[in-house]
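**Q** Prediction below, plus the sequence it came from.
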Amino acid sequence: MKKSLKIWNRYHNDAPEEESADMDISILLVDDEAIDLEWLRRRVAGNEQLSLQDVGTAISGFAALKIMEQKRIDLILSDIRMPIMSGMEFARKAKEINPQVHIIFISGHQDFSYAKEAIQLNASGYLLKPVDDSELNDMLILICSKIENERQQNMALSETLSLVNQELLLRWFNEATPGQVEAHIHTILSPLLQQGASVSIIEIDDLAWKLKEKSEEERRLFMNQITLFIRNFALDNNLGSMMTSYDYHYVLLAAVQEEYMTTLLEQLVRQFNETFSCSITIGMGMYTNDIAKLHDSYRQAKAGLSIKWIMGKNRIIQGAFQWSPKQSAASNFEEVVDVMLRAMLEYDLTTIDDCLLQLLNGEKPLTQKNDIYDLIIRITSKLHADLQQMNEHMYEMLKWESHHPIILFEFETVHDILSWLRRRFFELSELLYLKKQRQKRKLIDQITAYIEQRLDQKITLNEVAAHFDFTPNYLGQLFKTETNILFSDYLNQLRMERVCELLKDPAKKIYEIAEQVGYKNIIYFNRQFKQAMGLSPGEYRKKHKI
């Protein structure tokens, strides 16, 4: 979190932080033996032939990794045999943090297996204990010289391409069928391609949405901060040259070793997301030593961004030429939409979501945005037509200004569209469900009022159902669901409550009361009252002293 805050301050202060003017090298010494560590520190720090920024020490691999997370380390000298985390394990984790860090292993054991592992980790050197002073000195001079040469090469490339050649190179990249490379561009790219290079294109996600509410000055400042962030990340990590292309895209021409390039780009994606209020997606092209194929690397990076629509954002997309679509439209479209509509009416959000996903699984590939748009128009049109049969208007309920909402065309990925559509369908389901509940409640109120007005008559479920144009079975189920009581039980309960009210009037005869609540048979009435109240009508009056 502290690191993210530091990065934010660096790119959001009015006065940018001053860059270090020197080319000092930072070294970290790692050994679990305190005496050996101090011996090594004195000999390295006291070397007057080297331009060292600082020489740090760590008593374990864990402590060393914490230091690397806080500042950049150029060179590590590490003991191989350490408890808990071995030197080899530490080196692997160190390479994950900084793929370009140079590592020299120190071991007191002449074991070929260690040397073999060191080679696999691209170690810069291997020293045996006890380390000879001259051998240590020669190794440090060699590696530090190599680090400085790498820095100068990266800086030279960046400075060269920061002028007019950037425009020429971008124009060459964007040619459909590139011709012969101009001689001066060939001269620039040849050294870069000796160890292999690749092209990546960085795109800011949802940029149009982010800039929509900003003033012109706010937009300029925001984009300047982003450009500075990406450029400085490339410089700090020796990624190569960063060029600003069309529509706020950034082209990265990198010569970092292939196995570490992905790690660094993932780090860029993560740090960008922590620093700004938006994310980036990176299309990454293939590695090559051939200038002609470098053009293909650019095309592959561009193709990667073109399938962000399907693959998603805030990530790295590689191997776009080998990608094949997996999403498709459901063949049983009508059935799925019917199921989804029923789920909407019942406020079943899980089934709605399942249906939306199912609509993308079938036989017709959805590789283009227009395919998705057409599918959504089909879904919404059928839902609207079906709801109209129920006297509902979907577009009015959702406040869509037209039947084809323009907002769909502003989304960058299928996931974004589905997230938006899911929210709107959940909203529609809630509106339909609440309206349906209100209608049911109103119907129940009408039914109970109808019954109360006719308590002096013989009332049956069949008669009430016929009056309200329902089948007795449907009305009985609806009444039980909404009132949690059977229709017959409710009718008896209502009659008994009315009887109790009428019994309070001593002037009324019991047989008269029975007739007023729909009982023509006095014996049946007495039996029903006693069953409900636990005593006869006469006993009820005596108990209440009526």
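**A** That came through, no problem.

**Q** Show me what counts as buried in the helix or strand harbouring A208.
**A** Assigned by DSSP states H and E, A208 belongs to helix 207-212. Neighbour-count burial for helix 207-212, with 16 or more other Cβ atoms under 10 Å as criterion, is recorded at L207, K210, L211. Every C-beta, even on glycine, is put in place using the N, C-alpha and C of the backbone.

**Q** One more: stretch 43-62?
**A** Buried residues in stretch 43-62 (16+ other Cβ under 10 Å): R43, V44, N47, L50, L52, V55, G56, T57, A58, S60, G61.

**Q** burial of the residue nearest to A234 when sequence neighbours are not counted, as a residue count?
**A** The spatial neighbour of A234 that comes closest, neighbours along the chain excluded (Cβ to Cβ, 6 or more residues apart in numbering), is M242 at 4.5 Å. By other Cβ atoms under 10 Å, 23 other residues sit near M242.

**Q** Can you show me the helices along the stretch 401-546 of the chain?
**A** 414-453, 461-467, 472-483, 487-503, 510-516, 522-533, 537-543 (DSSP state H, counting those that start in this stretch).

**Q** oh sorry, the question was meant for the stretch 151-300 of the chain
**A** Under DSSP H, counting those that start in this stretch, the stretch 151-300 of the chain gives helices at 164-173, 183-193, 207-212, 216-236, 258-275, 291-306.

**Q** where does this protein have low pLDDT?
**A** 1-23, 51-53, 109-116, 118-120, 153-164, 176-182, 184, 320-331, 361-369, 401-409 (pLDDT under 70).

**Q** if we go to 50?
**A** Residue ranges of the chain with pLDDT under 50: 1-22, 323-327, 365, 402-403.

**Q** Excluding chain neighbours, give the residue nearest to L189 in space.
**A** Looking at L189 with Cβ to Cβ, 6+ apart, the closest residue is I291, at 5.5 Å.

**Q** Please name the residues that touch that neighbour.
**A** With contact set as Cβ atoms under 8 Å, 6 or more residues apart in numbering, I291 has these partners: V181, H186, L189, S190, L193.

**Q** would JSON lines of these with distance to E463 be doable?
**A** Formatted as JSON lines, the contacts of I291 follow (distance: Cβ to Cβ, whole Å):
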{"residue": "V181", "distance to E463": "93"}
{"residue": "H186", "distance to E463": "96"}
{"residue": "L189", "distance to E463": "92"}
{"residue": "S190", "distance to E463": "97"}
{"residue": "L193", "distance to E463": "92"}
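
**Q** any chance of the helices of the stretch 401-546 of the chain in TSV, with distance to M88 and mean neighbour count too?
**A** Below are the helices of the stretch 401-546 of the chain laid out as TSV (distance: least, Cβ to Cβ, whole Å; neighbours: other Cβ atoms under 10 Å):
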stretch	distance to M88	mean neighbour count
helix 414-453	40	15
helix 461-467	82	15
helix 472-483	68	15
helix 487-503	79	16
helix 510-516	98	16
helix 522-533	86	15
helix 537-543	94	15
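
**Q** With A91 as the reference, name the closest of those helices.
**A** helix 414-453 (37.8 Å; Cβ to Cβ).

**Q** Would you state the strands of the stretch 251-400 of the chain in chain order?
**A** With strands called from DSSP state E, counting those that start in this stretch, the stretch 251-400 of the chain shows them at 280-284, 316-318, 328-329, 364-365.

**Q** Show me what the longest one is packed against.
**A** Spelled out, it's strand 280-284. Counting contacts by 3 or more Cβ pairs under 8 Å, 6 or more residues apart in numbering; DSSP states H and E, strand 280-284 is packed against strand 198-204, helix 258-275, helix 291-306, strand 316-318.

**Q** looking at those, which is closest to E334?
**A** That would be helix 291-306 among these, by Cβ to Cβ, at 32.2 Å.

**Q** hmm, back to that, could the helices of the stretch 151-300 of the chain go into CSV alongside distance to C355?
**A** What follows is the helices of the stretch 151-300 of the chain, written out as CSV (distance: least, Cβ to Cβ, whole Å):
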stretch, distance to C355
helix 164-173, 44
helix 183-193, 52
helix 207-212, 28
helix 216-236, 39
helix 258-275, 32
helix 291-306, 29
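
**Q** Can you tell me which of those helices is most buried?
**A** helix 291-306 (a mean of 20; mean count of other Cβ atoms under 10 Å).

**Q** between that one and helix 183-193, how big is the angle?
**A** 80 degrees (axes from the mean of the first three to the mean of the last three Cα atoms, to 10 degrees).

**Q** follow-up on the earlier one: and the gap between the residue nearest to A234 and V101?
**A** 21 Å (Cβ to Cβ, to the nearest Å).

**Q** just E392 next, same as before
**A** For E392 relative to V101 (Cβ to Cβ), the value is 64 Å.

**Q** what does D296 give?
**A** 31 Å.

**Q** how about I451, what does it touch?
**A** Shown in contact with I451 (Cβ under 8 Å, 6+ apart): I459, V464, Y490, L491, L494.

**Q** for those, which one is nearest I97?
**A** Among those, and counting by Cβ to Cβ, the member closest to I97 is Y490, at 72.4 Å.

**Q** what's the closest non-adjacent residue to that closest one?
**A** Using Cβ to Cβ, 6+ apart, the nearest residue to Y490 is T483, at 6.4 Å.

**Q** My guess is that neighbour contacts L443. True?
**A** No. Contact criterion Cβ atoms under 8 Å: T483 and L443 do not qualify, at 11.2 Å.

**Q** Can you lay out the helices of the stretch 401-546 of the chain as JSON lines showing distance to I35?
**A** Output for the helices of the stretch 401-546 of the chain, formatted as JSON lines (distance: least, Cβ to Cβ, whole Å):
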{"stretch": "helix 414-453", "distance to I35": "57"}
{"stretch": "helix 461-467", "distance to I35": "97"}
{"stretch": "helix 472-483", "distance to I35": "82"}
{"stretch": "helix 487-503", "distance to I35": "91"}
{"stretch": "helix 510-516", "distance to I35": "109"}
{"stretch": "helix 522-533", "distance to I35": "97"}
{"stretch": "helix 537-543", "distance to I35": "102"}
